[in-house]
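Participant: just coords:
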Ligand code: NAD
Ligand code: ZN
């Protein structure tokens, strides 16, 4: 047995309003006056001066607004990197991602691809990155994915939706300011929050579970219940706690694995572009057979918060399209092995997945 020796975020600051300390955090990391910081900012903040006016720009620093409407793509990373190389005269001092999982993943990937040759899709997989990334900072503005703490950046490439999993992927610095999440729309709050809940259920019910993962997973699950089930917290406490739930959920899967909802949601996302949070919810809603208690509580939370999930996503798909989706889902072997065990292939067949997808 060989145990994983995994890197963590080296520095983290937490607190309402700590975003205001960005300048003092970044200044010592500036390589020189010609080496800019590049801020990748979710374009939902364009024109929102309450956030943008607090981004500390000096010298040749650049803000690049990026849309989070679609899942991040390897080709998008290639374009961002090319743009940065063409518009800067020297190696950047750092990449700072400000947004949800989409922007955080793009920031991680861009920081890797600025020091590694070739195409981003060459590095989708496990431990393929050769050179250390440039200094990168993650500032989440919505809570749940755990992307702020994870060792991966999930990207849709030409062939697969697959992460760049490497020791160089985690952020060098994370800024956890729950106040930044205050304007997240209700439905999105639920979908991304449920990503965290599903991380906990999949980790805690997986065959890869160990005391390390369990300790973080149980903590995150308790926080999710306080926020989404008990419903007694003030808005501020709920924001603070969901940010920490996301962190703990990410730590839990770092040392175990996700499961069936994620495998199948990757399939939906690859074929139909369904976004991660809502896709996980749509799949998880159909997984009573695998996660009976987790799904029961999920349905209760959905009702409590008046969330209607879209229906009929797969109603008009061709056999060929089902095949594409099912093959993407089945290719994620560690997720199935975690969920079901080493002999998962006996229970999980092409036909079984088709029947499940047909319900969505
Ligand atoms: P997101 O980044 O896709 O954003 C969802 C929506 O919320 C967007 O419309 C965005 O503009 C909006 N938004 C974000 N912050 C806001 C704010 N403060 N106010 C108003 N609107 C705001 O959402 P997400 O669920 O955080 O991220 C999903 C992505 O994360 C997927 O691409 C998924 O693959 C990835 N992911 C990565 C990991 C990882 O470990 N790297 C883990 C899970 C998910
Ligand atoms: Zn997830």
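Facilitator: Here it is on my side, so go on. None of these values were measured; they are calculated from a predicted model. Numbers count the residues shown, from 1 in each chain. Ligands and ions are numbered 1, 2, ... in the order given.
Participant: quick one, strands of the stretch 51-200 of the chain?
Facilitator: Per DSSP state E, counting those that start in this stretch, the stretch 51-200 of the chain carries strands over the ranges 62-66, 94-99, 125-126, 136-140, 154-156, 161-165, 173-176.
Participant: mind giving me the packing neighbours of the third one?
Facilitator: Which is strand 125-126. Contacting strand 125-126 under the criterion 3 or more CB pairs under 8 Å, 6 or more residues apart in numbering; DSSP states H and E are the following elements: strand 161-165. All C-beta atoms are positioned from the backbone trio N, CA, C, and that covers glycine.
Participant: and the fifth one, by the same measure?
Facilitator: With contacts defined as 3+ CB pairs under 8 Å, 6+ apart, the secondary structure elements packing on strand 154-156 are helix 74-87, helix 101-113, strand 161-165.
Participant: could the ones you listed go into JSON lines alongside distance to ligand 1, mean neighbour count and mean pLDDT?
Facilitator: Shown next, in JSON lines, are these (distance: least, CB to the nearest ligand atom, whole Å; neighbours: other CB atoms under 10 Å; pLDDT from 0 to 100):
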{"stretch": "helix 74-87", "distance to ligand 1": "11", "mean neighbour count": "17", "mean pLDDT": "97"}
{"stretch": "helix 101-113", "distance to ligand 1": "2", "mean neighbour count": "28", "mean pLDDT": "98"}
{"stretch": "strand 161-165", "distance to ligand 1": "6", "mean neighbour count": "23", "mean pLDDT": "91"}
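Participant: in TSV, list the ones you listed along with distance to residue 246.
Facilitator: Below are the helices and strands packed on strand 154-156 laid out as TSV (distance: least, CB to CB, whole Å):
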stretch	distance to residue 246
helix 74-87	23
helix 101-113	9
strand 161-165	17
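Participant: among those, which is nearest residue 293?
Facilitator: With respect to residue 293, and counting by CB to CB, the nearest of the helices and strands packed on strand 154-156 is helix 101-113 at 26.1 Å.
Participant: elements contacting the host helix or strand of residue 354?
Facilitator: Following DSSP states H and E, one finds residue 354 within helix 350-358. Judged by 3+ CB pairs under 8 Å, 6+ apart, helix 350-358 is in contact with helix 260-272, helix 319-331.
Participant: which residues sit against the helix or strand following the last one?
Facilitator: What that stands for is helix 319-331. Using DSSP H and E, the helix or strand that follows helix 319-331 in sequence is helix 333-340. Applying CB atoms under 8 Å, 6 or more residues apart in numbering, the external contacts of helix 333-340 come out as 202, 205-208, 256-260, 262-263, 290, 330, 344-345, 347-348.
Participant: in the helix or strand that helix 333-340 is followed by, what's buried?
Facilitator: The helix or strand immediately downstream of helix 333-340 is helix 344-347, counting by DSSP H and E. By 16 or more other CB atoms under 10 Å, the buried positions in helix 344-347 come out as residue 344.
Participant: around ligand 1, which positions in the stretch 151-300 of the chain sit nearby?
Facilitator: Within the stretch 151-300 of the chain, the positions adjacent to ligand 1 are 152-154, 180-181, 183-184, 188, 192, 195, 275-277 by CB under 6 Å from any ligand atom.
Participant: how about the helices of the stretch 101-250 of the chain, start to end?
Facilitator: All helices of the stretch 101-250 of the chain, identified by DSSP state H, counting those that start in this stretch, fall at 101-113, 186-204, 211-224, 235-254.
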